[in-house]
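Asks: Model the structure of this input:
(4 chains, ligands or ions: 4)
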Amino acid sequence: MQEPRNYYYLLRLVALAAVAVLLATIIYPLVVLILYSLGMSFNGISISGLAYQQTLTDVKTISSIYNTFYVAGGVSVLAIILGGGLAWMLTRTDLPWKGLIRWLVFLAFIIPSYIMAVSWIELLGRNGYVNRWLYNTWHWLEQPIDIYNLEGIILVMTIHMFPLVFLTLCSALRMNDMSLEKAARLSGAGPLKTMLTVSLPLILPSILSIGLLVFQHTMACFGVAAVIGLPTGNYILTTRIYSALNQLDLPVATASSIVLLLCSGVVFLAYNWSLRKKKYINVSSHSQPPEVHSLGKWRIPVVIIVLATLSVTTVVPLGTIVISSFLKQWGMDLNMASLTLENYRAIFANDGLGLRAIRNSIIFGIAAASVASIIGVIVAWIANRTSVKGRKLMEFTATWPVAVPGTVLAVAAILAWINPPLKLYGTPWILVITYIAACLPFAVRSVSGPLQGIDLSLEHSARIAGASPGRAFWDISLPVITPNIRNGWIMSFLLVLREIPISILLYTTGFETIGVLLFNMRSDTGGLETVSAIAVIVIVITLIGNLLIEKVGKSRME
Amino acid sequence: MLQAQLCNISKRFGTVEAVRNVSIDIFPGEILAIVGPSGCGKTTLLQIMAGLEKLDTGSFSVAGRLLSVAETGVFVPPEKRGIAMVFQNYALWPHYDVFGNIAYPLRMKRYSRKEQKKVVGGLLEVVRLQGLESRYPHELSGGEQQRVALARALALNPPLLLLDESLSNLDANLRKEMQEEIKRIQRELDLTIIHVTHDQQEAMCISDRIAIMNQGRLVQVGAAEEVYRFPRTEFAASFIGSSNLIRQPKDNPAEMNLWEMASQRMVAGGPEGAKILAVRSEDIKLNGGTGPVTGQIVGRSYHGSVIDYQLRFKDRVLKVQTTADKRYDPGQEVGFTIERVTSVCAD
Amino acid sequence: MLQAQLCNISKRFGTVEAVRNVSIDIFPGEILAIVGPSGCGKTTLLQIMAGLEKLDTGSFSVAGRLLSVAETGVFVPPEKRGIAMVFQNYALWPHYDVFGNIAYPLRMKRYSRKEQKKVVGGLLEVVRLQGLESRYPHELSGGEQQRVALARALALNPPLLLLDESLSNLDANLRKEMQEEIKRIQRELDLTIIHVTHDQQEAMCISDRIAIMNQGRLVQVGAAEEVYRFPRTEFAASFIGSSNLIRQPKDNPAEMNLWEMASQRMVAGGPEGAKILAVRSEDIKLNGGTGPVTGQIVGRSYHGSVIDYQLRFKDRVLKVQTTADKRYDPGQEVGFTIERVTSVCAD
Amino acid sequence: GGQENAEGGDSQPEQAEQGKANLYISGPEPMLLELEKGFEKERGDVVDVLHMGCGPLAQKVHTEAEAGDVAADIIWGAEPSLYIQLQQEGLLEQYTSPEAANLKEECQIGDGYYTVCSSRYGVIAYNQDKVAKQEIPNSWNDLQEGYWKKRLAMADAGQSATALALTAGLTTMNDGKWDYIKGLKANEVMLTQQNNQAVERVATGEVDVAIVPHDGVLRGIKKDKKVGVKSKLAIAWPAEGSISIQRPIAIIADEKRSDANLQTCQQFIDFVISPEAQTIMNKYGFISVRDDVEMPAGVPKDIKSINLDWGKIAADADQIRSNFENIMLAK
Ligand SMILES: Nc1ncnc2c1ncn2[C@@H]1O[C@H](COP(=O)(O)OP(=O)(O)OP(=O)(O)O)[C@@H](O)[C@H]1O
Ligand SMILES: Nc1ncnc2c1ncn2[C@@H]1O[C@H](COP(=O)(O)OP(=O)(O)OP(=O)(O)O)[C@@H](O)[C@H]1O
Ligand SMILES: [Mg+2]
Ligand SMILES: [Mg+2]
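Replies: Ligands and ions are numbered 1, 2, ... in the order given. All right, here's what the predicted structure looks like:
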């Protein structure tokens, strides 16, 4: 009798290496965090749910959990509607100026959320243009429009997040097998009905996957909530976490973060449940490339609406940033006298600190985004192409960093890596590791959905043709999801470029990053104009990065 | 009144001329079979009719209503045409179960849930898939998928139904049953059906007329018997059935003899002065070793009810089909006669 | 030495028993056709052999090497089996062009670019797709896609080749050519081929043996003629060819008469004491209106070389096939005789 | 602190390496760079400075303490309450600088566990374009008037320790009653995460006045002056007095600390409260702890200061924050 043989040493090795990286960057800090939240400190071992008790018995926490779900849910739904709708229009209709629209959306994506919030306040705030106009022209009561509420957070976060959805769904829709949509048309469904019943449901894994990411990211993101929710006491769970952090109440902060994580875990379960039985195959042997519907007489009105929306969401904030970065003072009238290069000079003046920070961030960004993309693909592969037990749990675990505030992630990293023999704290490595952790959710989420849409028989036929599982994946599925990997990479890169809490808590001398620079400029009351200048630099770097990555993607396809 | 009219339709993909100048009139309530070699443009033609491809030239109308006109740009979108189609690759929606797939067209027409259940139940019976309502396409065999696709197309009782090799993955018995069901439904509801198939038996037995295409062109349209008995071109003769083509001989002795034998058996109605004669393989009779003309058996293949022989006569190999009870062995010399010349090619 | 051995193989999907306890020995260099109704487990069986599905019980070995064993968990992955397969849905890679698709197995074997070109060129010739190298699958017709899938599977000259209805979307002529090519390649390279098909003609003429499956079970394996002439079960008799089954009569007068007529024509070799007789439709002879037993023509369908009649005899309708030159009209009374009883079912 | 030095080149002599001190500092970047340069002018590269805000500084040190190994040798920034907490945890090394005697009286606190090295004043910042001269709030109580409804900002006491201190100051002024804060809430005070954001809000005109530490406002004004535009920002010095928030510096306790290292640390503290360093800080708007150094430009000489009981604030922090949040969250 023949003994069962083990095949694929190399594949196993790669998978093991990925799992090892995952263990180090993701799972170990999470375990530390959980233990810590349970009261297990390094000094003594005692398990208690005290922190949880404190967290959950606080009425403020409960209401903030409600707010969190409201905001994150609202943002996810709206971002999916907005991003999905726009993606559909760009891939399925003969809308003019698609290139321009795509660029505008991409730009909206790289505008830092903090700046985005500030420019929306400038528009809709108490002293905002709209309110002033309404008051001056129509003599409406003072400040008829109020942005400082949960809906305001939803508005700004939606505008900040929908490009993410858009980018992912664009590539997913482009993968869709056209003949399935044609079959719907023939069955009597019009273009819109077809979109709603076939095109979008077919890419449900991608929608839900990226929706989940948006949900978690919104939950954990504090920047916008701090600017728009906090002013009027609209607390979300993250507000409470930061409050606890600020109070140096780490147990409660970590326990609240775990609660936050569990909240998104519920959403993850719902995600898996909704995909449990059906198959959403949109790439198969018979796949036909997308074709566009004619919008007919709607073509011009629609493009005007789209461009108008995008100018509000992108052009205005972007213009504000770029112009402000050359202004002597935020909000000044624009004329030759008010222009200056001082803001940029200030960034580069600090003993070369500015340049160093930019260089470091680019290097860290490239490294972290690349490692995360690779690991992300492997994680998605394990979760969707193998039958390993607990693979779904692993997928979720790999995305936990996005579900907690950056500061908590940094705290977890400190706790995890400060004591010998695992002492990386104080070296740049901890920064890299934590960046990788922060990027992984983006990398995983952007490929995990699309991967589920590829007909397995395509890989099967490659296996028959003599390819190992890894090779089959590499040759067959990977090229299909390359655009998604690219999206994930850019998201990750961008994340590192403007990430603040991790940078500020974990950096060491000589390894300053743009985040450090940004934070110091801000707390230094350098004014929003300096912040804008940094944002412009980030935007320019990202655009260059995107161009490069597109080139790389193209040459890989060749 | 004409049910459907294809008028000078052409379509190219880049440099490939998939359909060239095809015109057919389709009568109401008829089943028209389209046959032709792989890649000759059958699917493209159906897609043009369904409104899934725009045409380059010509026009397509149903019941007098222009649906696609190349010149004026008239184009009625697929969902407004009232045409159903079974795709060659089925195009089942992976995210709907069998019920969902079949009920989809009904949902689009706002049938109530109860009505949907009833109609789908009936269709499942027609395609013999009772009990599989809640399976998803990936949980079905190829033939089952194909039948779901068929049921989906039948759901709306479309006045015009396009079938693209829709029975190709079914076994002979089931195929026959499906043919009968399609024919029954067609008769009951007076549907018009255009049926692309590679199965000539199928084409001949369920269709009222057969259209033969080649390289994007329409070669011949006519009733089954007409097409079989009087192919109008060499291509039609060789494509339908199994034929021995005999060319007007120049100096080839085999051709010369055959031509002579065949000409005596010309059916009336064939044009005179033809240069090529077609002799169906079943129209050559073998008579065990004797006879004025003999050939040598060089090949044999068993087909159940019939046997195909390859018979060498001088330097030609003829295809001969006999009933299964006549058995000759390879190498054997047998006499043969030409019983009938199917037709004379106009070419 | 056996080439391939399937041993008590079973496979279930949830509650569906797709394959039940199938055992077949496949000899080296043979072509085995598998036929059976839609959904009977043919594809599943091929996938088990290819290593794309694990089996629930039993084992599969090739040339003495165990490839899958349910009990011990031995499982050789697909790429290590040296088995090629053409998928029922083709499974072409949409992002590779025709060349890329066909050359992929060669790339896996590290053929040089030049060698790839040469081999692919040859294969394209075999499947008649010269000049389409740089098209993508969605730019091909259904039949062309199918041939690409076939070429890809042939690229490796696999010792064992599995074909899953791989000629179903080709027209009759092309199909015949492909059959001949496959047969030629098989002979030249001494391949073993397992060929799932719904085309009985195809099964009979290219295969050495035919395996009939039903509901996941193997019903009968044997040479074409054996299976046709001596079906071992009622199912086999009715599935292959077109048969009239005559049951041992109880009190039905039609059955009684037929049984009598048929029993006189028993072919030697059929088991005695059978309860069901099978009479092939081509084995009933019609003789224009006279004869001791007459029936009424109630249906006719034209098939080119043959005509199928439905003949009512008392309360039964018999399937009768005649050559195309014998023409009767519906309603006509014709005499008939049973020429031969194909076999007696063991059932 | 046994932190390995990431940048540690092999060329550095072992001795110098051991003597190198790790500083966690919050404050304006240019000021810190200037101070670092000043300190290292004669001594060479003996300190590694990590710049961060007050919040991150507290979080970083606290987290490190939780993990059992504070990597910093010196921390500088935030408020005394943090230091009191750290002192209670036994994390601070006692050191009384010879210079300490020269400090103002109110700054001689901390028992040598920490040394106050500058202070800031909680004041009212306003937007000159939007607040007419006669309306400038000259008293804390002015802000209670309905006139300022929706025109008022401050940092959230839950998010900023400085704001917590300000809150404590504002309540102490009112005999520990929370009516003042309730009054702010009634005026729909706009909360921000950090103090500088409150300044930003005033500068952009989103609100007209804000309760903030003065130094950020001064730096904003200075910057505008530097680029040559009229600043919108201005400070109103409340008549009751400005709330004094001291910024301490301290050495982290470490038994394994080398003498060289300790020496560097002590020297750094000496340096920070030396006239030289104090003058530098002065430029960035910080109030000196020495009498022999002048008030920064823009700060009235005769300023009245309200001093806080840091011990009490440290002890009551939870309560203060909770009260604050309860008031602000009430609908
Ligand atoms: N998108 C395309 N681009 C280029 N050529 C195409 C495209 N689609 C189809 N063709 C070509 O057009 C021709 C007609 O294709 P069509 O699918 O209509 O053939 P068919 O008659 O249905 O063949 P089959 O019987 O094999 O399905 C084929 O030669 C095919 O290669
Ligand atoms: N994943 C699955 N889940 C449930 N049932 C399945 C699944 N896959 C196949 N089946 C069922 O198993 C049976 C055998 O399927 P298989 O594909 O082997 O049939 P087949 O003989 O190839 O049929 P066809 O000729 O129609 O291709 C079918 O009844 C099918 O419905
Ligand atoms: Mg076709
Ligand atoms: Mg099958």
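
Asks: Contacts only, for the residue of the stretch 101-250 of chain B found nearest chain C.
Replies: Here the stretch 101-250 of chain B gets closest to chain C at one residue, B:Gly143, 2.8 Å apart by Cβ to the nearest Cβ. The way it works is simple: take the backbone N, C-alpha and C, and place the C-beta from them, glycine included. For B:Gly143, the residues meeting the contact criterion (Cβ atoms under 8 Å, 6 or more residues apart in numbering or on different chains) are B:169-171, B:174, C:38-39, C:198.

Asks: The same query, at a cut-off of 10 Å, please.
Replies: For B:Gly143, the contact set (Cβ atoms under 10 Å, 6 or more residues apart in numbering or on different chains) comprises B:127-129, B:167-171, B:174-175, C:37-40, C:42-43, C:88, C:165, C:198.

Asks: Where does the prediction get shaky in the stretch 1-150 of chain D?
Replies: Counting by pLDDT under 70, the ranges of the stretch 1-150 of chain D that qualify are D:1-19.

Asks: If you could redo that for the stretch 301-450 of chain A, that was the one I meant.
Replies: A:350.

Asks: quick one, strands of it?
Replies: Per DSSP state E, counting those that start in this stretch, the stretch 301-450 of chain A has no strands. Nothing in it meets that criterion.

Asks: which stretches of it form helices?
Replies: Along the stretch 301-450 of chain A, the segments classed as helices by DSSP state H, counting those that start in this stretch run A:316-325, A:342-349, A:353-385, A:391-398, A:406-417, A:428-452.

Asks: got it, and the stretch 1-150 of chain B?
Replies: B:42-50, B:98-108, B:113-126, B:142-154.

Asks: Indicate which one of the helices of the stretch 301-450 of chain A is closest to ligand 1.
Replies: Of all the helices of the stretch 301-450 of chain A, helix A:428-452 sits nearest to ligand 1, with 23.9 Å by Cβ to the nearest ligand atom.

Asks: Of the contacts of B:Gly143, just the buried ones, ChimeraX syntax please.
Replies: Isolation of the buried members of these (16 or more other Cβ atoms under 10 Å in any protein chain shown) is achieved in ChimeraX through the command below:
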select /B:127,128,129,167,168,169,170,171,174,175 /C:37,38,39,40,42,43,88,165,198
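
Asks: Around ligand 3, pick out the residues from the stretch 201-347 of chain B.
Replies: Selection of the stretch 201-347 of chain B residues close to ligand 3 by Cβ under 5 Å from the ion yields an empty set.

Asks: Mind jotting down where the strands sit in the stretch 201-347 of chain B?
Replies: Secondary structure of the stretch 201-347 of chain B by DSSP E, counting those that start in this stretch: the strands cover B:209-214, B:217-222, B:243-247, B:276-280, B:284-286, B:294-302, B:306-313, B:316-323, B:333-338, B:343-344.

Asks: Which one of those lies nearest to chain C?
Replies: With Cβ to the nearest Cβ, the closest approach to chain C among these belongs to strand B:294-302: 4.1 Å.

Asks: Just read off the phi/psi values of the closest residue to D:Glu145 other than its chain neighbours.
Replies: Distances taken as Cβ to Cβ, 6 or more residues apart in numbering or on different chains put D:Asn187 closest to D:Glu145, at 7.9 Å, once the chain neighbours are dropped. As for D:Asn187, its main-chain torsions (degrees, to the nearest 10) stand at phi -80, psi 10.

Asks: what does the one 5 residues further on give?
Replies: Torsion angles at D:Thr192 (phi, psi; degrees, to the nearest 10) stand at phi -130, psi 170.

Asks: Neighbours of it, how many?
Replies: D:Thr192: 25 surrounding residues under other Cβ atoms under 10 Å in any protein chain shown.

Asks: List the beta-bridge partners for the nearest residue to B:Val334 once chain neighbours are set aside.
Replies: In space, not counting the residues next to it along the chain, B:Val334 is nearest to B:Leu286; the distance is 4.8 Å by Cβ to Cβ, 6+ apart. Each beta-bridge partner of B:Leu286 is listed here, defined by DSSP bridges: B:Phe336.

Asks: so A:Pro112 makes contact with A:Leu528?
Replies: No. Under the contact definition of Cβ atoms under 10 Å, A:Pro112 does not touch A:Leu528, with a separation of 11.5 Å.

Asks: Between the two, which has more neighbouring residues?
Replies: For A:Pro112 versus A:Leu528, neighbours defined as other Cβ under 10 Å are more numerous around A:Leu528 (29 against 23).

Asks: Could you find the closest non-adjacent residue to the more buried one?
Replies: A:Trp330 (4.2 Å).

Asks: now that neighbour: how far from A:Ile539?
Replies: Note on A:Trp330: its distance to A:Ile539, by Cβ to Cβ, to the nearest Å, is 18 Å.
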